[in-house]
Structure formats: structure tokens, C-alpha cells
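Peer 1: Fold the stuff below for me.
(chains A and B)
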Amino acid sequence: MENNGFERFSNAWKQADTLGQSQKMYSENEIKTIKMKKSLEFSRSINTSILFDGALKGILILGMFVLILFYRNDAALVAVLSVIIGVSFFLLYKEFNIRNELLNIEDYAHELGVVLKRKIQFYKVNFPKLKWMIAFSNSLFVWVGSMFYFYSKYGHYRIEDFVDALVTILMITFAFGISYLALTFQFKLSVLDLEESLINLDDQEAATININAQVQRKKKFRIAMIIAIILGLALFLFLLLSYIN
Amino acid sequence: MDYSEETFEKLIFENQQLIHKICNIYGTSLADKEDLFQEITIQLWKTFDSFQHKSKFSTWLYRVALNTAITQKRKENRRPDTSSLSDGEMRIPNPKSTETDEEDLAALRLAIRQLKKVDRAIIFLYLEEKSYQEIADIIGITPKNVGVKIVRIKAKLLSILKKDHGK
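Peer 2: A predicted model of the protein is given here:
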């Protein structure tokens, strides 16, 4: 019965004579123009994030060179700025490598399962790194901005007491955290979309991937707990010894 | 087959109806469908060299087009599209089809858009009269799995059609 019910719709589909759903049929010239354009997927999302972050890091690196001139008499600050400039260049290099890797995964001639797994793998391997790299830029922006502010107002970097230091650290952490959370949310949505399609395609394969992911998560959690316990013990011992002495 | 740009453009021109059909079941708005058509054309061009008779032309075309549509993150409209004609869809009256056929077709398209992305691809290929083996080659699952999924998808579609249109 159900089959007969569907037959009627199949027949309707066969009878259809619908013009191109974009309301037009493209000419060969128009197709030629389209194929020369850039991939829209590539120009979205990750690529946009990396390009914007690259520009921001570039501006911050220039800013830090200027700060080195301003604070040239403060050796410690100059040293810190130099290290951060080096780190920023390194992160820029890594980000553009990830961007290039994105180009290579967009080969849709493979089987769907292969394409989905490659994209999921790409996101899961690279996005955690990208989150840190991009969030780092945001916190650096706050710190570099504060250094310019202090120099313009006081002529030196003004951290005079515990409260000054605490406020600066909190602002930097806040900038980092907001950016990190936003990117985490973006990443989760992209991966969920792909994983849903993989589950839809073949339940067996998806179940295996999910199980492996869970095992990895549990491993990481155990390692993080061990490190937290060791650091906690070390801090406790330090405080205890300080109290005794 | 000659793998020149002109050959590619001619092939896409001749087969663009198929690409438009795929854009219609995956795209929501007119702009979205045009974007998807562009993206599919670009991806077909990128893989044209590697095609080289490794599979049938139609298998390659369907595979790249459907993979592109399925794996691209789109703004999915979670609410069912209740309009009888989607944005940008034109229909030329077909002397062979009746009014009932046209209503059924519109209802079927709306129902297909409520399916998950992979299911849309499978039922689309089934409606295009591809064999289970061909569907399996395009999607990358076994023919047996195709059979099981088609039964499930048809049941789901009939349930949606009954609920939305009383058909």
C-alpha cells in the first residue's frame, strides 16, 4: 500500500518539467565565469577568521616594535615584547599552514564518507589550535593597547600595586576567554553538522568515531586531573612551608 | 574525452538541469541556490582533471554535486517550507502532467526538504531512477544499505506528506 502511495509521487516527479531552480539556465560563457571564481566555502568561516587574525597580528607586531622604542630603557619589558613578537610570527606561520591545508581537503570527488571524515578530522585537529591562536591575538590586543595608554598618559608602564596587576590580568583573561568561547561555539556547530551527516550515512562508522572520540576525551581529562592534583599539592606544600618558616 | 575547459563548460551547460535540481532540494532561498550552483560548478572544475574516466561521467557529476551540497554548512531553515513554490522556482506547464501531478510534485519537494541531508541525496537519486548499485557508487555505501534506507525514507516521506497535506 505504502509503495503504491509513493508510486504516485514518483510518477509526478517523472512528469515534471521544471526550469532551472535558480530561475535561469546559465550560458556556457556564464559557466566559464563561475568556474573562475573562488570557492565560497573557502572564503567563509575559517579562512575569514584566519585572514582577519593575520591582519590583527600584523598590526600588533608593528605596535610592539613601536613599544620597544617607547620602553627602550626598560630591559625587562623590551625582552618580553621581543619574545611575544617572536611568538606572534610563529603563530602567523602556523595559521597560514592551516589555511593551506584547508584547500587540500576540499576534494569532493571521493566517497561521501571519506569527504565527511576528512573535514571532521580537519576541524578536530586544527580548530583547537586555531582557537588558542586567535584568542591569543585578542588578549594581546588588550595588553598592547594598555601599554600604549600608559605610555601616552604616564610616560611609563604603570603597574604600581597588586590591584593594578590584577585588573590588567583579568582584562587580558577576559578578552582571551570571550574570543575562545565564541570560536568554540562556532567550531562545535560546524562539526555537529558534519557528524550528523556521517551518522545519517552509516551508523556503524559514526558509532566507531564517537567511541574513539570519547576514549580520547577521557584520556585527556585523566591527564588534566593528574596535572591539577600535582600542581595543587605543590601549591599546598609551598604555602605550608611558607607558614612554617 | 578531451579534458579542455571548453569541454567542461559544454558538459556543465548540457547537464545543468541536474545541478539545478540538486540546488533546489538543498538550497533554501534563491540566493542560496545560486551560491550552491556556483560552488558545485567550482568543485566540478577542480576535480575535472582527476575524473578522467575513473568512473562514469554521471557518477562523477552526481557525486561531486551531492557531496558539495551535503558537506557545505548552510543556514538550514528548521521550519518546514510551507510555500507551494519555493523562492526562485519556475515551472513550465507540461502538457503531459495534470494538476494533481503538479500538486503532488510540490508537496513531494516540500517533504524532501524536511529530510536529513544524506537522505535527500538518496531519495533524489532514487527518483532520478538510478539503480541501487549506482546510488551505492555515488553515495559510497553498499547496495543493501541503499535498499534499507530507501524503504525508511519513503515511509518517512509518506508520513510527512500525510501530516502536511493529507495525501
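
Peer 1: avg pLDDT for stretch B:59-68?
Peer 2: Per-residue pLDDT values across stretch B:59-68 average out to 92.

Peer 1: cool, and stretch B:155-163?
Peer 2: 91.

Peer 1: I'd say residue A:63 and residue A:144 touch.
Peer 2: Yes - between residue A:63 and residue A:144 there is a contact at 5.0 Å, judged by CB atoms under 8 Å. Placement of C-beta: from N, CA and C, glycine included.

Peer 1: Skipping adjacent residues, who's closest to the closest residue to chain A within chain B in space?
Peer 2: With CB to the nearest CB, the shortest gap between chain B and chain A falls at residue B:140, namely 2.9 Å. Of all residues not flanking residue B:140 in the chain, residue A:111 sits nearest, at 2.9 Å (CB to CB, 6 or more residues apart in numbering or on different chains).

Peer 1: need the contact list for the residue of chain B closest to chain A.
Peer 2: A:110-114, A:201 (CB atoms under 8 Å, 6 or more residues apart in numbering or on different chains).

Peer 1: how near is it to residue A:113?
Peer 2: 5 Å (CB to CB, to the nearest Å).

Peer 1: likewise residue A:137?
Peer 2: The value you get for residue A:137 to residue A:113, if CB to CB is used, is 36 Å.

Peer 1: tell me which element residue 145 falls in.
Peer 2: Here I'm looking at chain A. helix A:112-154 (DSSP states H and E).

Peer 1: oops, chain B please
Peer 2: Assigned by DSSP H and E, residue B:145 falls in helix B:143-165.

Peer 1: Buried residues, that helix. List them.
Peer 2: Neighbour-count burial for helix B:143-165, counted by 16 or more other CB atoms under 10 Å in any protein chain shown, picks out B:145-146, B:149-150, B:153-154, B:156-158, B:160-161.

Peer 1: for stretch A:118-128, same thing?
Peer 2: Applying 16+ other CB under 10 Å to stretch A:118-128 flags A:118-120, A:122-124, A:126-127 as buried.

Peer 1: hey, C-alpha coordinates of the lowest-mean-pLDDT helix or strand in chain B in CSV?
Peer 2: Lowest mean confidence among the helices and strands of chain B (mean pLDDT, DSSP states H and E): helix B:99-112, at a mean of 84. Taking Å, rounded to 0.1, in the frame of the first residue of the first chain, the C-alpha atoms of helix B:99-112 are listed here in CSV:
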residue,chain,number,x,y,z
GLU,B,99,-2.9,19.5,-11.9
THR,B,100,-2.8,16.6,-9.4
ASP,B,101,0.7,15.8,-10.6
GLU,B,102,1.8,19.3,-10.1
GLU,B,103,0.4,19.4,-6.6
ASP,B,104,1.9,16.1,-5.7
LEU,B,105,5.3,17.3,-7.0
ALA,B,106,5.2,20.5,-5.0
ALA,B,107,4.2,18.5,-1.9
LEU,B,108,7.0,16.0,-2.5
ARG,B,109,9.6,18.7,-2.8
LEU,B,110,8.5,20.3,0.4
ALA,B,111,8.6,16.9,2.1
ILE,B,112,12.1,16.1,0.8
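
Peer 1: Give the rounded mean pLDDT of the very next helix or strand once past it.
Peer 2: Note on helix B:99-112: by DSSP H and E, the next helix or strand toward the C-terminus is helix B:117-127. For helix B:117-127, mean pLDDT rounds to 94.

Peer 1: Other residues contacting helix B:117-127?
Peer 2: The contact list for helix B:117-127 (CB under 8 Å, 6+ apart) reads A:10, A:13-14, A:112, A:196-197, A:200-201, B:21-22, B:25-26, B:62, B:66, B:69-70, B:112-113, B:115, B:134-135, B:138-139, B:146, B:149-150, B:153-154, B:156-157.

Peer 1: lowest-pLDDT helix or strand in chain A?
Peer 2: Every helix and strand of chain A was ranked by mean pLDDT, DSSP H and E. The lowest is helix A:40-43, at a mean of 59.

Peer 1: Tell me the buried residues in stretch B:45-55?
Peer 2: B:45-48, B:51.

Peer 1: what about residue A:137 and residue A:113, which has more around it?
Peer 2: Comparing residue A:137 with residue A:113 by other CB atoms under 10 Å in any protein chain shown, the one with more neighbours is residue A:137, at 23 against 18.

Peer 1: Run a quick check on that one versus residue A:58, I expect a contact.
Peer 2: No - if you go by CB under 8 Å, residue A:137 and residue A:58 don't touch, sitting 10.1 Å apart.

Peer 1: Now for the residue nearest in space to the middle of chain B: which residues touch it?
Peer 2: Against the mean C-alpha coordinate of chain B, by CA atoms, centre = their mean, the closest residue is residue B:22 at 3.0 Å. Neighbour list for residue B:22: B:36, B:40, B:65-66, B:69, B:124 [criterion: CB under 8 Å, 6+ apart].

Peer 1: ok, now with 6 Å
Peer 2: B:65, B:69 (CB atoms under 6 Å, 6 or more residues apart in numbering or on different chains).
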